[in-house]
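**Q** Okay, predicted coordinates and the sequence, questions at the end:
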Amino acid sequence: MNRTEEIISGVLAGDRRSIARAITIIENEPVDAHKIVAAIYPRTGKAHIIGFTGPGGAGKSTLIEKVVREYRRKGKTIGVVAVDPTSPFTGGAFLGDRIRMQELSTDEGVFIRSMASRNYPGGLAKATKDAAKILDAAGKDVVLVETVGAGQSEVEIIKVAQTVVLIHAPGLGDEIQAIKAGLMEIADIFVVNKADRENADKTAMDIQAILQLNNKEKAWRPPILKTIALSGEGVPQLVEKLEEHKRFLEGDTFHKRELLKATAESELAEAIKERTATSILNDLKKEGKFDELLQKILRKEIDPTSAAEKLLSEKLRKH
Amino acid sequence: MQDTRKIRVLIAKPGLDSHDRGAKVVARALRDAGMEVIYTGLRQTPEQIAETALQEDVDVVGLSILSGAHKTLFPRIMNLLKQKGLTDVMVFAGGIIPEEDAAEMKKLGIKEIFGPGTTTEAIIRYVLDNVPERA
């Protein structure tokens, strides 16, 4: 067996070292990453993948730690992927989410992986989705994904998670109204953490008000929960809601089928776009016209979009 | 955009001392040098450190200790790393580790000891020059 085959076997057997090495390959080696995902894909789809998003300082990591403990109490196994931002200047990252979860490191039923965003937009890393698939195929009952925490534009999570939890806290200076529509619309559960602080009730009411403005009739009405992550208060109720949403997703077979179809289509489209873009771009670069038009752009004789159209119309006419 | 492989470093604080300014300075310096740095936080057991190194699939582990307990803790950490199959991880240490203990620590497999006064540039350089090749 070669290295990749060994790792695939290991992942499917739930071996932690194999899981770790597989995630590293997903992050760095596209060819073997593809082999791994192809091999484990049939074994995915069993885990409940939950996304935790919200502004920095809301207490995501602390809350996740308590949520993991509660799931463990119920006998479930967990994978956690915690994403932190990559510095756009240095390319490096300080991955500190794990600090608040370290006591769980030696629990065999918990696997925690820190991941740098590597400047991928939307609050996650490009590899996050496949890392969650690996943990799923490795047999974890629940996979928790923690987003970067910029808060407002982190809607990428909806492509990865089945249940999205938006965590906020009073007094962060980030008004609820400032949370862009996208995030408010995709969250399945809202949590006001640090609920012992002043204005916790107001924060909850502000969320309620915005939700009521969404006139859409939804089958699932997002609840607003209050927690105090530091003490664990409200966590059992949160986990119950998470389980409830999971049952809702499973029970609603029509919507579930539609959702699965939409997800599969978006993943297929993205994979096609990525491959065609790279291959066409490489072809165009080899032909002389690319550099010619590049020079024209520099001389302001043509704008980049028109240049692209020129290159593509010629290429596509040839087919 | 191709993902270029980044060096993953675990900065760990074994034992019971509560001084982590140095560890954080090193962690940030390595980050600024383009590495992905996982910091464990304070008061880690050897088991926590070794298991973290495994789950995070790091290339390098930096142990920061100021309590004098290195002679007890380092052998346990190195043993656990070996047990878990992490034999190709480079381990260095820093903090307060007397010169006379350095040789003994190196025999355990710790590649280098950085005492007080070491510049972050020196540590960055060392890691870049000595990070093991990936299998």
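**A** That came in fine, so what should we check first?

**Q** Identify the residues contacting residue A:77.
**A** If a contact means Cβ atoms under 8 Å, 6 or more residues apart in numbering or on different chains, then residue A:77 has A:109, A:110, A:139, A:140, A:141, A:142 as its contacts. (C-beta placed from N, C-alpha, C; glycine too.)

**Q** Now do it against residue B:107, distance only.
**A** 39 Å (Cβ to Cβ, to the nearest Å).

**Q** Quick check on the contacts of residue A:77: which are buried?
**A** Neighbour counting by 16 or more other Cβ atoms under 10 Å in any protein chain shown classes A:110, A:139, A:140, A:141, A:142 among those as buried.

**Q** OK, contacts around the first one?
**A** In this case it means residue A:110. By Cβ under 8 Å, 6+ apart, the neighbours of residue A:110 are A:68, A:72, A:77, A:78, A:79, A:80, A:104.

**Q** Looking at these, which are in helices?
**A** Those of the contacts of residue A:110 mapping onto helices are A:68, A:72, per DSSP state H.

**Q** Turn the contacts of residue A:110 into JSON lines, including distance to residue B:66 and pLDDT.
**A** Converted to JSON lines, the contacts of residue A:110 look like this (distance: Cβ to Cβ, whole Å; pLDDT from 0 to 100):
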{"residue": "A:68", "distance to residue B:66": "31", "pLDDT": "98"}
{"residue": "A:72", "distance to residue B:66": "33", "pLDDT": "98"}
{"residue": "A:77", "distance to residue B:66": "36", "pLDDT": "98"}
{"residue": "A:78", "distance to residue B:66": "34", "pLDDT": "98"}
{"residue": "A:79", "distance to residue B:66": "34", "pLDDT": "98"}
{"residue": "A:80", "distance to residue B:66": "30", "pLDDT": "98"}
{"residue": "A:104", "distance to residue B:66": "26", "pLDDT": "96"}
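
**Q** Output the contacts of residue A:110 as TSV; include the columns distance to residue A:240.
**A** Below are these laid out as TSV (distance: Cβ to Cβ, whole Å):
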residue	distance to residue A:240
A:68	15
A:72	15
A:77	19
A:78	16
A:79	21
A:80	20
A:104	21
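
**Q** out of the contacts of residue A:110, which are inside strands?
**A** A:78, A:79, A:80 (DSSP state E).

**Q** burial of the first one, as a residue count?
**A** It refers to residue A:78. As a burial measure, residue A:78 scores 25 neighbours (other Cβ atoms under 10 Å in any protein chain shown).

**Q** Tell me what it is bridged to.
**A** Residue A:78 has the following beta-bridge partners by DSSP bridges: residue A:110, residue A:142.

**Q** quick one on the thing from earlier: and the furthest pair within the buried ones among the contacts of residue A:77?
**A** By the measure Cβ to Cβ, A:110 and A:139 form the most distant pair in the buried ones among the contacts of residue A:77, at 12.8 Å.

**Q** Tell me the confidence at the closest residue to residue A:6 other than its chain neighbours?
**A** Using Cβ to Cβ, 6 or more residues apart in numbering or on different chains and skipping residues adjacent in sequence, the residue nearest residue A:6 is residue A:18, 7.3 Å away. Looking at residue A:18, its pLDDT is 97.

**Q** and residue B:49, what does it touch?
**A** Residue B:49 neighbours (Cβ under 8 Å, 6+ apart): B:10, B:12, B:14, B:40, B:61, B:63, B:77, B:80.

**Q** now the worst-scoring helix or strand of chain B on mean pLDDT, how far from the centre of its chain.
**A** Least confident helix or strand, chain B: helix B:99-107 with a mean of 93, by mean pLDDT, DSSP states H and E. How far helix B:99-107 lies from its chain's middle: 15 Å, per Cα atoms, centre = their mean, to the nearest Å.

**Q** The next helix or strand after it: partners in the sheet, and parallel or antiparallel?
**A** Using DSSP states H and E, the next helix or strand after helix B:99-107 towards the C-terminus is strand B:112-114. According to DSSP bridges, strand B:112-114 forms sheet pairs with strand B:90-95 (parallel).

**Q** Name the residues of the strand it pairs with that are buried.
**A** For strand B:90-95, by 16+ other Cβ under 10 Å, it's B:90, B:91, B:92, B:93, B:94, B:95.

**Q** returning to that earlier point: just the closest of the contacts of residue A:77 to residue B:73, please.
**A** residue A:110 (23.3 Å).

**Q** What pLDDT does the model give that closest one?
**A** For residue A:110, the model assigns a pLDDT of 98.

**Q** And residue B:116, by the same measure?
**A** At residue B:116, pLDDT is 88.

**Q** Who are the contact partners of it?
**A** B:95, B:96.

**Q** tell me the SS of it?
**A** coil (DSSP: H, G, I helix; E, B strand; the rest coil).

**Q** So it versus residue B:25, what's the distance?
**A** For residue B:116 relative to residue B:25 (Cβ to Cβ), the value is 12 Å.

**Q** what's the answer for residue A:232, then?
**A** 33 Å.

**Q** Next, the buried residues of the helix or strand bottoming out on mean pLDDT in chain A.
**A** Counting by mean pLDDT, DSSP H and E, chain A has its least confident helix or strand at helix A:181-186, which shows a mean of 75. By 16+ other Cβ under 10 Å, the buried positions in helix A:181-186 come out as A:183, A:184, A:186.

**Q** tell me the contacts of the residue nearest to the spatial centre of chain A?
**A** Residue closest to the average C-alpha location in chain A (Cα atoms, centre = their mean): residue A:157, at 3.7 Å. Residues in contact with residue A:157 (Cβ under 8 Å, 6+ apart) are A:51, A:53, A:122, A:123, A:124, A:145, A:147, A:164, A:186.

**Q** tell me, how many neighbours does the second one end up with?
**A** Spelled out, that is residue A:53. 30.

**Q** swap in the fourth one?
**A** Residue A:123 has 27 neighbouring residues, counting by other Cβ under 10 Å.

**Q** what residues does chain B put near chain A?
**A** B:2-6, B:8, B:27-28, B:30-41, B:44-45, B:47-48, B:51-52, B:54-57, B:84-85, B:135 (Cβ under 8 Å from any Cβ of the partner chain).

**Q** Test for you: state the pLDDT assigned to the residue nearest the centre of chain B.
**A** Computing the C-alpha centroid of chain B and ranking residues by Cα atoms, centre = their mean puts residue B:62 first, at 1.1 Å. Listed pLDDT for residue B:62 reads 97.

**Q** Show me what it bridges to in the sheet.
**A** residue B:11, residue B:92.

**Q** Residue B:112 - nearest residue in space that isn't next to it in sequence?
**A** Sequence neighbours aside, residue B:92 is the residue nearest to residue B:112 in space, at 4.7 Å (criterion: Cβ to Cβ, 6+ apart).

**Q** Check the gap between that neighbour and residue A:148 for me.
**A** Taken as Cβ to Cβ, the span from residue B:92 to residue A:148 is 29 Å.

**Q** Tell me which residues touch the residue of the stretch 151-300 of chain A found nearest chain B, please.
**A** With distances taken as Cβ to the nearest Cβ, the stretch 151-300 of chain A approaches chain B most closely at residue A:278, which sits 9.7 Å away. By Cβ under 8 Å, 6+ apart, no residues touch residue A:278.
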